[in-house]
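1. only the shape, not the letters, is given here:
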Ligand code: KG4
Ligand code: ZN
(Lines give C-alpha, C1' and ligand atoms only; values in the text may rest on other atoms or scores of the structure.)
(Ligands and ions follow the chains in the order given, each with its own letter.)
Protein backbone atom coordinates (compact mmCIF):
# COMPACT_ATOMS: atom_id res chain seq x y z
CA UNK A 1 0.00 0.00 0.00
CA UNK A 2 0.91 3.67 0.20
CA UNK A 3 1.86 6.02 -2.56
CA UNK A 4 4.80 5.17 -4.85
CA UNK A 5 8.19 6.71 -4.07
CA UNK A 6 9.51 8.39 -7.22
CA UNK A 7 13.06 9.55 -7.84
CA UNK A 8 13.25 12.48 -10.29
CA UNK A 9 16.32 13.52 -12.27
CA UNK A 10 16.61 16.81 -14.18
CA UNK A 11 19.59 17.77 -16.36
CA UNK A 12 18.09 19.64 -19.35
CA UNK A 13 20.13 22.82 -18.93
CA UNK A 14 22.61 23.97 -16.29
CA UNK A 15 21.01 22.55 -13.12
CA UNK A 16 21.59 18.99 -11.92
CA UNK A 17 18.42 18.27 -9.95
CA UNK A 18 17.57 15.13 -8.01
CA UNK A 19 14.44 14.80 -5.85
CA UNK A 20 12.27 12.25 -4.09
CA UNK A 21 8.48 12.55 -4.13
CA UNK A 22 5.92 10.25 -2.51
CA UNK A 23 2.47 10.84 -3.99
CA UNK A 24 2.16 14.63 -3.88
CA UNK A 25 4.62 14.99 -1.02
CA UNK A 26 8.14 16.29 -1.63
CA UNK A 27 10.64 14.47 0.58
CA UNK A 28 13.82 16.15 -0.62
CA UNK A 29 14.99 18.29 -3.52
CA UNK A 30 18.69 18.77 -4.25
CA UNK A 31 20.06 21.07 -6.95
CA UNK A 32 23.63 21.69 -8.11
CA UNK A 33 24.09 24.52 -10.63
CA UNK A 34 26.87 25.22 -13.09
CA UNK A 35 25.63 28.79 -13.74
CA UNK A 36 28.72 30.32 -12.14
CA UNK A 37 30.81 28.63 -14.84
CA UNK A 38 28.52 29.92 -17.61
CA UNK A 39 28.24 33.48 -16.33
CA UNK A 40 31.90 33.98 -17.25
CA UNK A 41 31.05 33.21 -20.89
CA UNK A 42 27.85 35.29 -20.99
CA UNK A 43 25.72 32.26 -21.89
CA UNK A 44 25.29 28.53 -21.35
CA UNK A 45 28.04 26.46 -22.97
CA UNK A 46 26.52 22.97 -23.56
CA UNK A 47 29.87 21.19 -23.30
CA UNK A 48 30.63 22.86 -19.95
CA UNK A 49 27.12 22.00 -18.71
CA UNK A 50 27.48 18.32 -19.74
CA UNK A 51 30.74 17.94 -17.88
CA UNK A 52 29.26 19.64 -14.80
CA UNK A 53 26.26 17.25 -14.84
CA UNK A 54 28.58 14.28 -15.08
CA UNK A 55 30.58 15.49 -12.08
CA UNK A 56 27.52 16.47 -10.03
CA UNK A 57 25.26 13.48 -10.71
CA UNK A 58 26.51 10.91 -8.17
CA UNK A 59 27.15 13.43 -5.33
CA UNK A 60 23.72 15.02 -5.89
CA UNK A 61 22.05 11.61 -5.91
CA UNK A 62 23.86 10.55 -2.74
CA UNK A 63 23.04 13.82 -1.00
CA UNK A 64 19.35 13.42 -1.90
CA UNK A 65 19.14 9.86 -0.57
CA UNK A 66 21.15 10.75 2.52
CA UNK A 67 19.02 13.80 3.38
CA UNK A 68 15.80 11.79 3.08
CA UNK A 69 17.39 8.77 4.79
CA UNK A 70 16.08 6.65 1.94
CA UNK A 71 17.83 3.60 0.53
CA UNK A 72 17.85 3.28 -3.26
CA UNK A 73 16.07 -0.07 -2.91
CA UNK A 74 12.98 1.76 -1.56
CA UNK A 75 12.51 3.73 -4.80
CA UNK A 76 9.48 2.53 -6.80
CA UNK A 77 10.09 4.38 -10.07
CA UNK A 78 12.68 6.61 -11.75
CA UNK A 79 11.56 9.69 -13.70
CA UNK A 80 13.87 11.71 -15.89
CA UNK A 81 13.63 14.71 -18.21
CA UNK A 82 13.55 13.34 -21.77
CA UNK A 83 13.28 16.83 -23.35
CA UNK A 84 13.21 19.58 -24.34
CA UNK A 85 16.69 20.84 -23.53
CA UNK A 86 20.34 20.53 -24.49
CA UNK A 87 21.15 17.11 -25.99
CA UNK A 88 24.41 16.51 -24.08
CA UNK A 89 23.02 17.46 -20.66
CA UNK A 90 19.77 15.52 -21.29
CA UNK A 91 21.78 12.44 -22.24
CA UNK A 92 23.74 12.50 -18.97
CA UNK A 93 20.51 12.51 -16.94
CA UNK A 94 18.87 9.87 -19.11
CA UNK A 95 21.94 7.61 -18.83
CA UNK A 96 21.93 7.91 -15.04
CA UNK A 97 18.18 7.22 -14.87
CA UNK A 98 18.44 4.19 -17.17
CA UNK A 99 21.33 2.76 -15.15
CA UNK A 100 19.33 3.16 -11.92
CA UNK A 101 16.14 1.69 -13.39
CA UNK A 102 18.07 -1.27 -14.78
CA UNK A 103 20.09 -1.89 -11.61
CA UNK A 104 17.06 -1.54 -9.32
CA UNK A 105 14.73 -3.34 -11.73
CA UNK A 106 12.23 -0.47 -11.38
CA UNK A 107 10.22 1.28 -14.13
CA UNK A 108 11.67 4.28 -15.98
CA UNK A 109 9.57 7.28 -17.03
CA UNK A 110 10.90 9.83 -19.52
CA UNK A 111 8.91 13.04 -18.99
CA UNK A 112 8.56 16.51 -20.51
CA UNK A 113 10.48 19.32 -18.82
CA UNK A 114 7.99 22.09 -19.68
CA UNK A 115 5.05 20.12 -18.23
CA UNK A 116 7.24 19.48 -15.17
CA UNK A 117 7.31 23.25 -14.53
CA UNK A 118 3.51 23.09 -14.12
CA UNK A 119 3.43 19.71 -12.32
CA UNK A 120 5.65 20.86 -9.44
CA UNK A 121 2.90 23.17 -8.18
CA UNK A 122 0.96 20.11 -6.96
CA UNK A 123 3.67 19.57 -4.34
CA UNK A 124 3.15 23.12 -3.07
CA UNK A 125 -0.53 23.99 -3.49
CA UNK A 126 -2.12 20.53 -3.57
CA UNK A 127 -4.06 18.51 -6.14
CA UNK A 128 -4.88 20.25 -9.42
CA UNK A 129 -8.44 21.05 -10.49
CA UNK A 130 -9.89 19.08 -13.43
CA UNK A 131 -8.76 21.65 -15.93
CA UNK A 132 -6.35 24.59 -15.79
CA UNK A 133 -4.02 26.71 -17.86
CA UNK A 134 -0.31 26.92 -17.27
CA UNK A 135 2.06 29.66 -18.36
CA UNK A 136 5.64 28.37 -18.36
CA UNK A 137 8.19 31.13 -18.77
CA UNK A 138 11.98 30.88 -18.46
CA UNK A 139 15.19 31.56 -20.31
CA UNK A 140 14.46 28.62 -22.60
CA UNK A 141 10.69 28.52 -22.98
CA UNK A 142 7.52 30.61 -23.04
CA UNK A 143 4.56 28.29 -23.44
CA UNK A 144 0.87 28.37 -22.74
CA UNK A 145 -0.49 24.93 -21.82
CA UNK A 146 -4.08 23.72 -21.48
CA UNK A 147 -3.98 20.94 -18.91
CA UNK A 148 -6.82 18.43 -18.59
CA UNK A 149 -4.59 15.96 -16.77
CA UNK A 150 -0.98 16.79 -16.09
CA UNK A 151 0.01 13.12 -16.56
CA UNK A 152 -1.93 12.28 -19.70
CA UNK A 153 -3.56 15.25 -21.38
CA UNK A 154 -1.68 18.48 -21.98
CA UNK A 155 -2.13 20.65 -25.06
CA UNK A 156 0.32 23.37 -25.97
CA UNK A 157 -1.94 26.23 -27.03
CA UNK A 158 0.96 28.43 -28.04
CA UNK A 159 4.56 29.35 -27.42
CA UNK A 160 7.08 31.98 -28.39
CA UNK A 161 7.81 32.27 -32.08
CA UNK A 162 11.29 33.60 -31.35
CA UNK A 163 12.87 34.49 -27.98
CA UNK A 164 11.70 33.18 -24.61
CA UNK A 165 10.75 35.87 -22.07
CA UNK A 166 13.89 35.36 -19.96
CA UNK A 167 16.03 35.22 -23.09
CA UNK A 168 14.64 38.61 -24.19
CA UNK A 169 15.51 40.02 -20.75
CA UNK A 170 19.03 38.61 -21.01
CA UNK A 171 19.50 40.13 -24.49
CA UNK A 172 18.18 43.53 -23.41
CA UNK A 173 20.41 43.22 -20.34
CA UNK A 174 23.41 42.76 -22.61
CA UNK A 175 22.56 45.85 -24.67
CA UNK A 176 22.15 47.87 -21.47
CA UNK A 177 25.59 46.66 -20.38
CA UNK A 178 24.34 44.53 -17.47
CA UNK A 179 26.01 41.27 -16.35
CA UNK A 180 24.65 37.89 -17.54
CA UNK A 181 21.97 36.77 -16.89
CA UNK A 182 20.44 40.21 -17.21
CA UNK A 183 16.89 39.28 -16.18
CA UNK A 184 17.20 39.83 -12.42
CA UNK A 185 19.24 43.04 -12.99
CA UNK A 186 16.56 44.52 -15.25
CA UNK A 187 13.94 43.56 -12.67
CA UNK A 188 15.87 45.39 -9.95
CA UNK A 189 16.41 48.51 -12.12
CA UNK A 190 12.79 48.47 -13.31
CA UNK A 191 11.60 48.99 -9.75
CA UNK A 192 13.24 52.44 -9.79
CA UNK A 193 11.88 53.37 -13.22
CA UNK A 194 8.62 54.54 -14.77
CA UNK A 195 6.91 51.68 -16.66
CA UNK A 196 4.89 54.20 -18.70
CA UNK A 197 7.94 56.25 -19.76
CA UNK A 198 8.31 54.56 -23.15
CA UNK A 199 5.59 52.74 -25.07
CA UNK A 200 7.37 49.67 -26.46
CA UNK A 201 5.52 47.33 -28.87
CA UNK A 202 3.40 44.39 -27.67
CA UNK A 203 4.21 41.46 -29.98
CA UNK A 204 1.39 39.53 -31.72
CA UNK A 205 -1.40 41.60 -30.20
CA UNK A 206 -2.55 43.33 -33.40
CA UNK A 207 -5.98 42.31 -34.69
CA UNK A 208 -4.43 40.50 -37.67
CA UNK A 209 -2.47 38.25 -35.26
CA UNK A 210 -5.48 37.34 -33.16
CA UNK A 211 -6.67 34.50 -35.37
CA UNK A 212 -3.48 32.57 -36.00
CA UNK A 213 -1.33 33.63 -33.05
CA UNK A 214 -3.74 34.45 -30.23
CA UNK A 215 -1.84 32.14 -27.83
CA UNK A 216 1.65 32.69 -29.21
CA UNK A 217 4.25 35.17 -28.05
CA UNK A 218 6.98 37.13 -29.82
CA UNK A 219 9.64 39.16 -28.03
CA UNK A 220 12.29 39.72 -30.70
CA UNK A 221 10.51 42.79 -32.15
CA UNK A 222 10.35 44.27 -28.67
CA UNK A 223 14.05 43.59 -28.11
CA UNK A 224 14.85 45.30 -31.45
CA UNK A 225 12.65 48.27 -30.50
CA UNK A 226 14.57 48.67 -27.24
CA UNK A 227 17.89 48.41 -29.12
CA UNK A 228 16.79 51.10 -31.63
CA UNK A 229 15.54 53.38 -28.87
CA UNK A 230 18.82 53.10 -26.96
CA UNK A 231 20.88 53.50 -30.16
CA UNK A 232 19.04 56.64 -31.21
CA UNK A 233 19.61 58.28 -27.80
CA UNK A 234 23.25 57.19 -27.75
CA UNK A 235 23.85 58.59 -31.27
CA UNK A 236 22.28 61.88 -30.20
CA UNK A 237 24.70 62.00 -27.29
CA UNK A 238 21.88 61.73 -24.77
CA UNK A 239 22.09 59.82 -21.53
CA UNK A 240 20.06 56.57 -21.35
CA UNK A 241 17.47 56.58 -18.55
CA UNK A 242 18.23 52.91 -17.79
CA UNK A 243 15.59 52.42 -15.04
CA UNK A 244 12.86 53.83 -17.32
CA UNK A 245 13.97 51.64 -20.24
CA UNK A 246 14.05 48.59 -17.96
CA UNK A 247 10.64 49.36 -16.44
CA UNK A 248 8.99 50.10 -19.81
CA UNK A 249 10.48 46.98 -21.39
CA UNK A 250 9.46 44.74 -18.46
CA UNK A 251 5.99 46.31 -18.56
CA UNK A 252 5.58 45.35 -22.23
CA UNK A 253 6.60 41.73 -21.53
CA UNK A 254 4.35 41.38 -18.46
CA UNK A 255 1.44 43.04 -20.27
CA UNK A 256 1.57 40.66 -23.24
CA UNK A 257 2.09 37.54 -21.11
CA UNK A 258 -0.77 38.28 -18.74
CA UNK A 259 -3.22 39.68 -21.32
CA UNK A 260 -2.85 36.70 -23.64
CA UNK A 261 -2.94 34.16 -20.81
CA UNK A 262 -6.09 35.60 -19.26
CA UNK A 263 -7.78 35.84 -22.66
CA UNK A 264 -6.97 32.13 -23.16
CA UNK A 265 -8.42 31.32 -19.70
CA UNK A 266 -11.68 32.99 -20.74
CA UNK A 267 -11.70 31.31 -24.15
CA UNK A 268 -11.21 27.87 -22.60
CA UNK A 269 -13.47 28.60 -19.62
CA UNK A 270 -10.71 27.84 -17.15
CA UNK A 271 -10.57 29.49 -13.72
CA UNK A 272 -7.15 28.33 -12.49
CA UNK A 273 -3.77 29.51 -13.76
CA UNK A 274 -0.47 27.90 -12.76
CA UNK A 275 2.66 29.95 -13.55
CA UNK A 276 6.08 28.29 -13.60
CA UNK A 277 9.62 28.57 -14.95
CA UNK A 278 12.50 30.75 -13.75
CA UNK A 279 11.05 33.92 -15.27
CA UNK A 280 8.10 33.76 -12.87
CA UNK A 281 10.49 35.44 -10.42
CA UNK A 282 9.88 38.65 -12.37
CA UNK A 283 8.22 41.30 -10.18
CA UNK A 284 6.19 43.00 -12.88
CA UNK A 285 4.84 39.67 -14.15
CA UNK A 286 3.90 38.61 -10.61
CA UNK A 287 2.21 41.89 -9.75
CA UNK A 288 0.33 42.15 -13.01
CA UNK A 289 -0.72 38.48 -13.00
CA UNK A 290 -1.99 38.82 -9.42
CA UNK A 291 -3.97 41.98 -10.18
CA UNK A 292 -5.43 40.79 -13.48
CA UNK A 293 -6.29 37.29 -12.22
CA UNK A 294 -8.03 38.76 -9.17
CA UNK A 295 -10.01 41.07 -11.44
CA UNK A 296 -10.92 38.17 -13.76
CA UNK A 297 -11.87 35.77 -10.94
CA UNK A 298 -9.03 33.39 -11.81
CA UNK A 299 -7.15 31.53 -9.09
CA UNK A 300 -3.43 32.15 -9.53
CA UNK A 301 -0.96 29.50 -8.38
CA UNK A 302 2.78 30.30 -8.47
CA UNK A 303 5.18 28.01 -6.59
CA UNK A 304 8.02 29.57 -4.56
CA UNK A 305 10.94 30.60 -6.78
CA UNK A 306 13.15 27.64 -5.93
CA UNK A 307 10.53 25.35 -7.50
CA UNK A 308 10.13 27.67 -10.53
CA UNK A 309 13.77 27.41 -11.60
CA UNK A 310 14.94 24.04 -12.92
CA UNK A 311 14.99 21.34 -10.25
CA UNK A 312 14.46 17.62 -9.68
CA UNK A 313 11.19 18.10 -7.76
CA UNK A 314 9.33 19.11 -10.92
CA UNK A 315 10.40 15.89 -12.65
CA UNK A 316 9.65 13.72 -9.61
CA UNK A 317 6.24 15.44 -9.30
CA UNK A 318 5.38 14.75 -12.93
CA UNK A 319 6.78 11.20 -12.65
CA UNK A 320 4.58 10.63 -9.62
CA UNK A 321 1.49 11.92 -11.48
CA UNK A 322 2.32 9.66 -14.43
CA UNK A 323 2.77 6.60 -12.16
CA UNK A 324 -0.50 7.37 -10.33
CA UNK A 325 -2.30 7.68 -13.69
CA UNK A 326 -1.15 4.17 -14.60
CA UNK A 327 0.76 5.23 -17.70
CA UNK A 328 3.03 2.51 -19.15
CA UNK A 329 6.73 3.02 -18.37
CA UNK A 330 9.21 4.12 -21.02
CA UNK A 331 11.47 1.56 -22.59
CA UNK A 332 15.07 1.47 -21.39
CA UNK A 333 16.27 2.51 -24.84
CA UNK A 334 14.29 5.78 -24.96
CA UNK A 335 16.19 8.62 -26.53
CA UNK A 336 16.26 12.25 -25.50
CA UNK A 337 14.44 14.86 -27.60
CA UNK A 338 15.93 18.35 -27.53
CA UNK A 339 12.80 19.91 -29.08
CA UNK A 340 10.14 17.68 -27.42
O1 LIG B 1 14.13 28.57 -15.42
P2 LIG B 1 15.44 29.27 -15.43
O3 LIG B 1 16.24 29.33 -14.17
O4 LIG B 1 16.38 28.63 -16.51
C5 LIG B 1 15.90 28.28 -17.76
O6 LIG B 1 15.34 27.16 -17.90
O7 LIG B 1 16.04 29.11 -18.66
O8 LIG B 1 15.16 30.74 -15.96
C9 LIG B 1 16.19 31.70 -16.00
C10 LIG B 1 15.74 32.85 -16.86
C11 LIG B 1 16.91 33.73 -17.27
O12 LIG B 1 16.70 34.17 -18.58
C13 LIG B 1 16.84 34.87 -16.27
O14 LIG B 1 17.40 36.06 -16.74
C15 LIG B 1 15.35 35.01 -16.09
O16 LIG B 1 14.82 33.69 -16.14
N17 LIG B 1 15.00 35.64 -14.81
C18 LIG B 1 14.39 36.82 -14.69
C19 LIG B 1 14.23 37.05 -13.31
N20 LIG B 1 14.77 36.00 -12.63
C21 LIG B 1 15.23 35.13 -13.57
N22 LIG B 1 13.95 37.68 -15.61
C23 LIG B 1 13.34 38.78 -15.18
N24 LIG B 1 13.15 39.08 -13.88
C25 LIG B 1 13.58 38.25 -12.91
N26 LIG B 1 13.38 38.55 -11.63
ZN1 ZN C 1 13.07 25.00 -17.27
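-> That came through fine. Everything numeric here is computed off the predicted structure, so don't read it as measured data. Ligands and ions are numbered 1, 2, ... in the order given.

2. quick check: residues of the protein near ligand 2?
-> Counting by CB under 5 Å from the ion, the residues of the chain close to ligand 2 are 138, 310. In this view, the C-beta of every residue, glycine as well, is placed from N, C-alpha and C.

3. again, 6 Å this time
-> 113, 117, 138, 140, 277, 310 (CB under 6 Å from the ion).

4. now, which of those residues sits nearest ligand 1?
-> residue 138 (3.3 Å; CB to the nearest ligand atom).

5. roughly how far does the closest residue in space to the closest one that isn't next to it in sequence sit from residue 159?
-> Nearest residue to residue 138 in three dimensions, chain neighbours excluded: residue 277, at 3.6 Å (CB to CB, 6 or more residues apart in numbering). Residue 277 sits 12 Å away from residue 159 when distances are taken as CB to CB, to the nearest Å.

6. one step back: number of residues surrounding the residue nearest to residue 138?
-> Residues near residue 277, counting by other CB atoms under 10 Å, number 27.

7. give the contact list for it.
-> By CB atoms under 8 Å, 6 or more residues apart in numbering, residue 277 lies in contact with 117, 136-138, 141-142, 166, 308.

8. cool, residue 57 as well?
-> Taking CB under 8 Å, 6+ apart, we find residue 57 in contact with 11, 16, 18, 92-93, 96.

9. other residues contacting the one helix or strand in the chain whose mean pLDDT sits lowest?
-> Counting by mean pLDDT, DSSP states H and E, the weakest-scoring helix or strand in the chain turns out to be helix 35-39, with a mean of 84. Contacts to helix 35-39, defined as CB under 8 Å, 6+ apart, come from residues 14-15, 44-45, 48-49, 52, 179-181.

10. can you do 7 Å?
-> 14, 44-45, 48, 52, 180 (CB atoms under 7 Å, 6 or more residues apart in numbering).

11. buried residues, that helix. List them.
-> With burial defined by 16 or more other CB atoms under 10 Å, the residues of helix 35-39 counted as buried are residue 38.

12. avg pLDDT for the helix or strand following it?
-> Following helix 35-39 in sequence order, the next helix or strand is helix 46-68 (DSSP states H and E). Across helix 46-68, the average pLDDT comes to 96.

13. ditto for stretch 6-23
-> pLDDT averaged over stretch 6-23 gives 97.

14. now swap in stretch 235-255 and tell me
-> On average, stretch 235-255 scores 98.

15. which residues of the stretch 151-300 of the chain fall in helices?
-> Here the stretch 151-300 of the chain has its helices, by DSSP state H, counting those that start in this stretch, at 165-175, 183-190, 210-213, 220-235, 242-267, 283-296.

16. contacting residues around whichever residue of the stretch 201-340 of the chain sits closest to ligand 2?
-> Closest to ligand 2 within the stretch 201-340 of the chain is residue 310: 4.5 Å, counting by CB to the ion. Residue 310 sits next to 10, 12-13, 15, 17 when contact means CB under 7 Å, 6+ apart.

17. tell me which parts of the stretch 1-150 of the chain are close to ligand 1?
-> 13, 138-140 (CB under 6 Å from any ligand atom).

18. which residues are common contacts for residue 277 and residue 159?
-> Going by CB under 7 Å, 6+ apart, residues that sit against residue 277 and also against residue 159 are residue 141.

19. now do the buried residues in stretch 130-137.
-> Going by 16+ other CB under 10 Å, stretch 130-137 has these buried residues: 132-137.

20. same question for stretch 202-215.
-> 202-205, 213-215.

21. need the pLDDT of the residue most central in space within the chain.
-> Centrality entry for the chain: nearest residue to the mean C-alpha point is residue 277, 2.5 Å, by CA atoms, centre = their mean. Here the pLDDT value assigned to residue 277 is 97.

22. and the gap between the nearest residue to residue 17 once chain neighbours are set aside and residue 49?
-> In space, and not counting its chain neighbours, residue 17 is closest to residue 312: 3.3 Å by CB to CB, 6+ apart. Per CB to CB, residue 312 is found 16 Å from residue 49.

23. who has more neighbours out of these two?
-> residue 312 (34 against 26).

24. list the contacts of that one.
-> Residue 312 sits next to 8-10, 17-19, 29-31 when contact means CB under 7 Å, 6+ apart.
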